[in-house]
Structures are given as C-alpha cells and as structure tokens.
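**Student:** Test case, fold it:
(one chain, ligands or ions: 1)
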Amino acid sequence: MSKFIIEGGTKLKGKVNISGFKNAALAIIPSTVLCKEKCIIENIPMIEDVKVYKEILTSIGAKVEMIDETSMEIDASEVKEINIIKALPKNIRASYYMWGVGLGRFKRVSMPLPGGCDIGERKFDYHIKGFEALGATVELTDKSITFFADKLIGNRIYLDFASVGATINIMLAAVYAVGRTTIENAAKEPHIVDTANFLNAMGADIKGAGTDVIRINGVAELKGCTYGVIPDQIEAGTYMVAAAATKGDIIIDGIIPKHLEPITAKLVEMGMGIEEYGDSLRVFYEKELVPVNIKTLPYPGFPTDLQQPMAVLLSSLHGESMIEESVFESRFKYVDELRKMGADIEVSDRIAKIKGTGVLTGTDVNATDLRAGAALIVAGLVAEGVTEINGIYHIDRGYENIENKFMNLGARIKRIKS
Ligand code: UD1
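**Tutor:** The predicted model follows:
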C-alpha cells in the first residue's frame, strides 16, 4: 500500500504532457478482439486499468505485448470464446465492453459483473435493452451476466439517457449485425468518436459518432490496423484546475483544445487566463478568481469526472458556489474527506453548496475513488501544511505517472511505500 505526502503552497509552473485518454483506451483495447488480425494501439496510458484489461484479454487467449512504452500489439486471432468464469482480479467498470465485443464476434459472452468506482447505482439496463433490440438474450445472476444470440439484426435503439458505455457497447455489438443499427440519443463524448474512428479504421461502417444519432451498417469482416488513442481530456482538465487552485502558470501539452472547451469556459468565467497554441494550452492565474456554479452534463456539458477537483478549487476561494451532479446519483462521497481539510460543503441530494473560506489545511485523507483521489491531490497542493493521501491505488487506476508530472510542475509530492 502506498500513499502520497504533499506539502502545499507551491504555485505550479512549467509544462505537462498529457497521456492517452483512459476511457478511450479502455474501449479501444477490447474492440481489437472483434478482429481476427493483429492491431497496434498507440498512445496508451500506462495506468492500472489498462493493465487489468491486458490481463482480461490474455485470459481469453489473446496475445498482448507492449512494443514500446505506449504502444500495445494485440492479436486476438486465436480467441475462440469469451467465457470468463473466475472473478477478474481487480474488476473494472469498462470490462462491460467485452459484452459488445463477445456478442459481436462470437454471438455469445459470459463473464462476472463489472466493478468500478462506487459513485451510484451504475445500472446497465440500456446496454441490455440495446443488445436485446439486436436479437440477443440475457441471463443475469447476482454475480455474472451472459448474452447470446443466433444472429444479430440491426435495429433502431433509443437511449433514455445518453450513456457512454451503452452507446459504445451497442456500436461494438452492431459492427457485424445484419443491416443497419441506429442509436438515437447517443452519447457524444470524444471517446465515442475515437472508438468509432478505430472501428472504421478496421473496416466498420459507422457514421454520425459525435452527434445524437449514430448509424452502423453491419460488415462481414474487420482488418487489423494501427491506431493512436486521443489525449485524455480529464487528465488535462485536472492539471488545468490544479493550475487555477495554486495560482500557477502552466502549459498543458499534447491535447485537443476543443475537447476541453467545457472546462476552459468555466475557468475563464472564474477569471483564469487561457491561451491556445495548436495542441497546447497555457493556463495562467492573473487576477482573483470568482466562484461559479457548475452543473455536470453529458458532453459537451461540464464533465462529471471533473466536478471533484472543481469542488476543491471553489473551496479554496472566498464566496459561495454550487455544484449540481446530474449524471451520477451519488458522486459526493469525497466531500467528507475535503471537510477534514476545512472545506465547508453541504450536500443535499445531487447538489453540493460550497462556502469558500479561502483556505484548506493539510491532514490525513483517504481517496474514495479515482476522481476523488485526483481532487485530494489538488487539495493537498493548495492546503497549508502537509496532506497525506491514502487509498491512492484508485488514482493509479486512471492517472499515468501523476506524482512525477506534478513534481515537474514544481509540486512537493512524494509517494511513500508502506
Ligand atoms: C463513463 C466513463 C466515466 C464517466 C461517465 C460519464 C468509462 C470507462 N467511464 O462511465 O468515467 O464518468 O461515462 O461521462 O468510459 N445508466 C443507466 N443505465 C445504463 C447505463 C447508464 O441508468 O444502462 C446511468 C448511470 O447509472 C449513470 C448515467 O447513466 O447515472 C451515465 O452513465 P454512463 O454514461 O453509462 O457512464 P459509464 O459508461 O458508467
């Protein structure tokens, strides 16, 4: 078990390179199993969730090899079925993409239920509804899930909520379905587009990814290809918020600025300076920041994965603000930890009311989930004194090399193995 020790009070300065997008990599890596030829996936973030996916693919008979620090070669030609009986060592939410892949390629898949961060009920009824519309049958127990079909036939599927996971999963299952599948009220997150681009690079016929309506015309086969994952907008957003909270001046490099617009807009509203240079952004403090209200929404709204570091930033200012969480029902568990550091936050249902006191104080805290962990690092950076963060395996699941990246920006953070 490791922990982070952070001495607060340093203004971040310098340049940070952004890694490949966790959520895109976790969809694209399993998607390679749809194809019977080798694929090379570049710009993969070296995070724990990727390592778990490597284990999942190896366990079903795929050959997975890192060919350099960020490129993975996957050969799923010998995979005969996806029938995972044993509980996965560290089960992750994105293991649900094996459902779409298994149905798509083998018309059958059976595996333990997905895990992931404890941020609400995290249902998968839209995934099931989508697969059933294509002709699949589901068998669900309290521990495992099985989908099977004789044949998948394209259909029109309306999602009641623009679910990221369901949109991608239906795309994966529909790639080989007979005829056309239409997903209405589809999610529009950048990783939906990235996954569709990857599938199309293998020979799929998917149009409309990034809009509300995605059309998938079934194809007979897919071919191997080389593909690079897009940069991680949530990682980039975390460093942007950290720059604002520490009154810093940093360059966020290797990004797609368009994907960051929801966060850029909020930071500018608060008074941060932001300059765009091609694939980088300069994020700099120039005047006292003002509190703002935030409502999380599916893309292009403000991302739910960044409300936690924003709660830290808002707590570090003077004045009142509000965060409304409209994507997940229970995503404020981290607030208890922030309160230990002096934050004045009142949560009622899906709304957090923040009374910024202008100061946070270092103490021992516990990362309750991935994004909460990132928020606690930002809190440690602004706090007076020393912050000790336990439970940091949550952070390692989704942030590559986080302490070194922050150290390069001047932060005083170290990892202690206990
Ligand atoms: C993905 C991301 C996660 C991000 C979230 C929202 C990955 C691996 N994870 O999670 O980082 O926070 O999108 O941007 O990409 N829902 C249902 N039924 C379903 C599916 C979802 O009711 O079948 C509900 C969920 O409980 C949640 C909301 O819809 O309240 C959004 O979920 P969804 O977009 O599916 O998120 P995930 O794919 O779990």
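**Student:** Neighbours of the nearest residue to residue 22 once chain neighbours are set aside, how many?
**Tutor:** Distances taken as Cβ to Cβ, 6 or more residues apart in numbering place residue 398 nearest to residue 22, at 4.9 Å, with adjacent residues excluded. Yep, even glycine has a C-beta here, placed from its N, CA and C like the rest. When neighbours are defined as other Cβ atoms under 10 Å, residue 398 has 28 of them.
**Student:** Can you read off the pLDDT for residue 398?
**Tutor:** On pLDDT, residue 398 comes in at 95.
**Student:** thinking it is in contact with residue 47, fair?
**Tutor:** Yes. Contact criterion Cβ atoms under 8 Å: residue 398 and residue 47 qualify, at 5.6 Å.
**Student:** what do those two both touch?
**Tutor:** residue 22 (Cβ atoms under 8 Å, 6 or more residues apart in numbering).
**Student:** Spatially nearest residue to the closest residue to the ligand within the chain (excluding sequence neighbours)?
**Tutor:** For the chain and the ligand, the shortest gap (Cβ to the nearest ligand atom) falls at residue 165, measuring 2.8 Å. Nearest non-adjacent residue to residue 165, counting by Cβ to Cβ, 6+ apart: residue 96, 5.7 Å away.
**Student:** okay, now that neighbour: neighbour count?
**Tutor:** 23.
**Student:** how about the most far-flung residue of the chain relative to its centre, secondary structure?
**Tutor:** Ranking residues of the chain by C-alpha distance from their mean position (Cα atoms, centre = their mean) puts residue 150 at the top, at 33.2 Å. Under DSSP: H, G, I helix; E, B strand; the rest coil, residue 150 falls in the coil class.
**Student:** Could you pull up the contacting residues of the nearest residue to it once chain neighbours are set aside?
**Tutor:** Nearest non-adjacent residue to residue 150, counting by Cβ to Cβ, 6+ apart: residue 107, 7.0 Å away. Contact analysis of residue 107 by Cβ under 8 Å, 6+ apart lists 148, 149, 150, 151, 152.
**Student:** distance between the ends of stretch 167-184?
**Tutor:** 9 Å (Cα to Cα, to the nearest Å).
**Student:** again, but for stretch 79-98
**Tutor:** End residues of stretch 79-98 are separated by 13 Å (Cα to Cα).
**Student:** Identify the residues contacting that stretch?
**Tutor:** By Cβ under 8 Å, 6+ apart, stretch 79-98 touches 23, 26-27, 30-31, 33, 48-49, 52-53, 55-56, 59-62, 101-102, 105-106, 108-117, 122, 124, 127, 143, 165, 168-169, 172, 397.
**Student:** Let's see that with 6 Å instead.
**Tutor:** Contacts to stretch 79-98, defined as Cβ atoms under 6 Å, 6 or more residues apart in numbering, come from residues 26-27, 30, 33, 49, 52, 60-62, 102, 106, 109-112, 114-116, 165.
**Student:** what do you get for stretch 403-418?
**Tutor:** With Cβ under 6 Å, 6+ apart, stretch 403-418 has contacts from 1-7, 10, 12-14, 16, 250, 381.
**Student:** ok, which residues in the stretch 151-300 of the chain are in contact with the ligand?
**Tutor:** 161, 163, 164, 165, 166, 187 (Cβ under 6 Å from any ligand atom).
**Student:** what number of residues lie near the residue of the chain closest to the ligand?
**Tutor:** Neighbours around residue 165, by other Cβ under 10 Å: 22.
**Student:** how near is it to residue 159?
**Tutor:** Distance from residue 165 to residue 159, counting by Cβ to Cβ, to the nearest Å: 11 Å.
**Student:** now for the helix or strand containing residue 237, which elements pack on it?
**Tutor:** According to DSSP states H and E, residue 237 maps onto helix 233-245. Helix 233-245 sits against strand 249-253, helix 261-270, helix 307-315, helix 370-382, with contacts defined as 3 or more Cβ pairs under 6 Å, 6 or more residues apart in numbering; DSSP states H and E.
**Student:** TSV please, covering these and showing mean pLDDT.
**Tutor:** Putting the helices and strands packed on helix 233-245 into TSV (pLDDT from 0 to 100) gives the following:
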stretch	mean pLDDT
strand 249-253	98
helix 261-270	97
helix 307-315	97
helix 370-382	97
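**Student:** mind checking which of the ones you listed is nearest residue 299?
**Tutor:** For those, the distance to residue 299 is smallest for helix 261-270, at 7.4 Å, taking Cβ to Cβ.
**Student:** buried residues in the closest one?
**Tutor:** By neighbour count on 16 or more other Cβ atoms under 10 Å, the buried set for helix 261-270 is 262, 263, 264, 266, 267, 270.
**Student:** One more: stretch 207-215?
**Tutor:** Here stretch 207-215 shows 208, 209, 210, 214, 215 as buried, counting by 16+ other Cβ under 10 Å.
**Student:** Return the residues in contact with the residue nearest to residue 22.
**Tutor:** Residue 398 touches 22, 47, 370, counting by Cβ under 6 Å, 6+ apart.
**Student:** how about it, secondary structure?
**Tutor:** Taking three-state DSSP, the label given to residue 398 is coil.
**Student:** part of a helix, is residue 98?
**Tutor:** Yes. Counting by three-state DSSP, residue 98 is located in a helix.
**Student:** any idea how far it is from residue 137?
**Tutor:** For residue 98, the distance to residue 137 - Cβ to Cβ - is 17 Å.
**Student:** Those two: which is more packed in?
**Tutor:** Taking neighbours as other Cβ under 10 Å, residue 98 and residue 137 compare with residue 98 leading, 24 against 12.
**Student:** about what we covered before: in a helix, the residue of the chain closest to the ligand, correct?
**Tutor:** Yes. Per three-state DSSP, residue 165 lies within a helix segment.
**Student:** Near residue 223, how many other residues are there?
**Tutor:** The burial count for residue 223: 12, using other Cβ under 10 Å.
**Student:** Can you report phi and psi for it?
**Tutor:** Main-chain torsions, residue 223, degrees, to the nearest 10: phi -120, psi 150.
**Student:** which residues touch it?
**Tutor:** 37, 202, 203.
**Student:** switch to 10 Å and redo it
**Tutor:** 35, 36, 37, 38, 39, 201, 202, 203 (Cβ atoms under 10 Å, 6 or more residues apart in numbering).
**Student:** excluding its backbone neighbours, what's nearest it?
**Tutor:** residue 203 (5.1 Å).
**Student:** pLDDT score for that neighbour?
**Tutor:** 98.
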